[in-house]
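**Q** Sequence plus predicted model, see below.
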Amino acid sequence: MQPILPDIFRDLQSAVVWRHFAVLCAFHRPSGGEAPLREHLRAWAVARGLAATVDAAGNLIVRKNASAGSESAPGVVLQAHLDMVCQANADVSHDFTRDPLEPVLRDGCLLTEHTTLGADNGVGVALILAALEDDGLTHGPLEALFTVAEEDGMGGARGLAPDALAGRLMLNLDTEEWGAFYLGCAGGIDVNARRSGQPDVWPDDHAALRVEARGLRGGHSGVDIHEGRGNAIKLLARALRVIGRGWPLHIASLRGGSARNALPREASAVLAVPREAVPGIAALLAELQRVLRDELAGIDDGVTLCCAPLPPDGSVRTMGSSEQAAWLAALHAAPQGIRRMSLRAPGVVETSDNLGIVELTPEAGQCCFLVRSLIDSAGAELAAEIVSLFALSGACAEVSGHYPGWSPNPASPLLTTCREVYRQTFGGEPLTRVIHAGLECGILRGKYPEMDVLSFGPTIRGAHVPGESVDIGSVERCWRLLREILAALAK
């Protein structure tokens, strides 16, 4: 792999890192679709004389021998995930299966204006590839673990065999705050609810109306959950209930969100409403929009409620009245956001949930929540409450995809070494953090309980939403820090 560095990257420091990230920008890599990139990286590693294998779960493992004189140093695992969250603004034509990402430089950051950038976790992958490529580094035996499906339930980490890795030190490169070492994270669990229905015919003399909630910031459902950002699904359900108090409405479809781990930015519904009600509904939405902008002032100032007539379609059906009422009530009552702040890690969210996806049709409906918690039992209890809520409405709900949290170890010898390297390299004291987001570290430590694990990374803003950016200077500092840590561990 000897890519030509695109012009946008040419003047950046740490060219070896950016060259690899440029390759990632050219690949389609959603969860479950990492195979072309994985094969490209495997072939690159083999061409460099590195041992590279793909395990049964689809993870890529690359091994690099220790540098001369460091053969007896402890083995180090460098870990990141290949997949990214693929989101684009609704008014942008971007096909993630075909179109490359097109980053721009602005104010010291690399970003994509209308799509996600994939800096989460592409920069971590690029840093590891740079370490594999750089023959001038001093290091002990290295293993690079590139996992798959992290953004969709951490399937790659789950499927990793407990004897696949030899190293007993791990540097995870999937956090998003330069200057901090992370030593703990939340676990997670999915709740999926579904219900079938009996369609009704489109009522006579009713107009078709599309109602939308949009203009929200969205964001990462773990990292950004404490800000109280709006959830488009919840706001749309609220708007429909308000409309329903004044006029009869019949839902033909309702869709919102695109990923369980992203705060929904947009949601829309197609309704059958009395023709004479359309002007009144528009006025009502304008007033409710004013109310919501007041409630979300300083958080989601751009929240927008709007409606637009649609051409009639005699073949369209609507939801049955009982199914519609049950879904609107359940979505309105469903918890969203912080359940409890942590007493063990002050300032950190302990337990939360995100209603990430909903899709309702006249024949059936489903929705998905991601519950996160630093305490597994607390997360399980919140998930059980959501299951009970939907059971009351007659829907079938079940939990799945549980992954454990990562319990902090402030006495970690790896943390001690990394903090000392940071002080010597940059001066000052690094932060130590526990993150409410889910990292693969909890799953991997469950398979390798004696492994000492630490996580760090560059500053990434807006992960999981269009406009995602990475601070260029922090990437350069991460590359320097990674090299110095490997050298220190090799002594």
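**A** Okay, I see it.
**Q** Tell me which stretches of this structure form helices.
**A** Listed from the start of the chain, the chain has helices (DSSP state H) covering 15-25, 35-47, 119-133, 155-159, 232-246, 278-295, 321-333, 376-392, 413-426, 441-447, 472-490.
**Q** The longest strand seen in the chain vs helix 376-392, what angle?
**A** Counting residues, the longest strand found in the chain (DSSP state E) is strand 349-360. Our comparison of strand 349-360 with helix 376-392, counting by axes from the mean of the first three to the mean of the last three CA atoms, to 10 degrees, yields an angle of 30 degrees.
**Q** in strand 349-360, what counts as buried?
**A** Val349, Glu350, Thr351, Ser352, Asp353, Asn354, Leu355, Gly356, Ile357, Val358, Leu360 (16 or more other CB atoms under 10 Å). Heads up, the C-betas are built off the backbone N, CA and C, glycines and all.
**Q** I figured the fifth one was touching Cys367, is that so?
**A** No: counting by CB atoms under 8 Å, Asp353 does not reach Cys367; the two are 11.8 Å apart.
**Q** Most widely separated two among the buried residues of strand 349-360?
**A** The span of the buried residues of strand 349-360, defined through CB to CB, is set by Glu350 and Leu360 at 31.5 Å.
**Q** where in the stretch 51-200 of the chain is pLDDT low?
**A** In the predicted model, the stretch 51-200 of the chain carries no residue with pLDDT under 70.
**Q** where along it do the strands fall?
**A** All strands of the stretch 51-200 of the chain, identified by DSSP state E, counting those that start in this stretch, fall at 51-54, 60-64, 76-81, 104-106, 109-111, 142-147, 169-172, 180-185, 187-196, 200-201.
**Q** what's the distance between Ala308 and Ala208?
**A** With the distance defined as CB to CB, to the nearest Å, Ala308 ends up 10 Å from Ala208.
**Q** Between the two, point out the one with more neighbours.
**A** Shown here are Ala308 and Ala208; by other CB atoms under 10 Å, Ala208 has more neighbours (19 against 12).
**Q** partners of the more buried one in the sheet?
**A** In this structure, Ala208 has the following beta-bridge partners (DSSP bridges): Ala272, Leu310.
**Q** who touches it in this structure?
**A** Under the criterion of CB atoms under 8 Å, 6 or more residues apart in numbering, the contact partners of Ala208 comprise Ala252, Val270, Leu271, Ala272, Pro309, Leu310, Pro311, Pro312, Asp313, Val316.
**Q** cool, and His464?
**A** Applying CB under 8 Å, 6+ apart to His464 gives the contacts Val85, Gln87, Thr116, Asp120, Gly218, Gly219, His220, Ser221, Ala259, Asn261, Ala262, Leu263.
**Q** likewise Ser72?
**A** Counting by CB under 8 Å, 6+ apart, Ser72 touches Gly140.
**Q** sorry, back to before: out of the helices of the chain, the one nearest Pro100 is which?
**A** Of all these, helix 15-25 comes closest under CB to CB, at 5.8 Å.
**Q** Could you list the buried residues of that closest one?
**A** When burial is assessed from 16+ other CB under 10 Å, helix 15-25 yields the following buried residues: Val17, Trp18, Arg19, His20, Phe21, Ala22, Val23, Leu24, Cys25.
**Q** from what I can see the fourth one touches Leu129, true?
**A** Yep, that's His20 we're talking about. Yes: here His20 lies in contact with Leu129, judged by CB under 8 Å, at a distance of 4.2 Å.
**Q** Since that was my last question, I'll sign off now.
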